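Asks: dropping the sequence and predicted coords here.
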Amino acid sequence: MPQLNPCPWFAIFLSSWIIYLTILTSKVNNFKYQNNPTPQNTQKEKMQPWNWPWT
């Protein structure tokens, strides 16, 4: 059963993951967003009671 022999596919699998972890992750981490996120207001608004018209 040649598919159980790990020699041909394990080296390809391992080398592709090493390439992925070294090259592609650095390219993704260096990506700059065109629109930088702006900080939102952290203060909570004062809640007003809801006056129901039928009560």
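Replies: Thanks, I have the structure now. Residues are numbered from 1 along each chain as shown.
Asks: please make it C-alpha for all contacts and neighbour counts, starting now.
Replies: Will do.
Asks: can you name the element that comes right after the lengthiest helix in the chain?
Replies: When the chain is parsed with DSSP state H, its longest helix is helix 6-19. Once the chain leaves helix 6-19, the next helix or strand it forms, by DSSP states H and E, is helix 25-29.
Asks: hey, C-alpha coordinates of that following helix in CSV?
Replies: Taking C-alpha atoms only, helix 25-29 is exported to CSV below (Å, rounded to 0.1, in the frame of the first residue of the first chain):
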residue,chain,number,x,y,z
THR,A,25,2.4,35.2,8.0
SER,A,26,5.0,38.0,7.8
LYS,A,27,3.3,39.4,4.7
VAL,A,28,-0.1,39.3,6.4
ASN,A,29,1.1,40.9,9.6
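Asks: where does pLDDT dip in this structure?
Replies: Along the chain, the model assigns pLDDT under 70 to residues 1-4, 6, 55.
Asks: how about a cut-off of 80?
Replies: 1-8, 29, 31-45, 51-55 (pLDDT under 80).
Asks: chain center to stretch 47-55, what's the gap?
Replies: When distances are taken as C-alpha atoms, centre = their mean, to the nearest Å, stretch 47-55 is centred 43 Å away from the chain's centroid.
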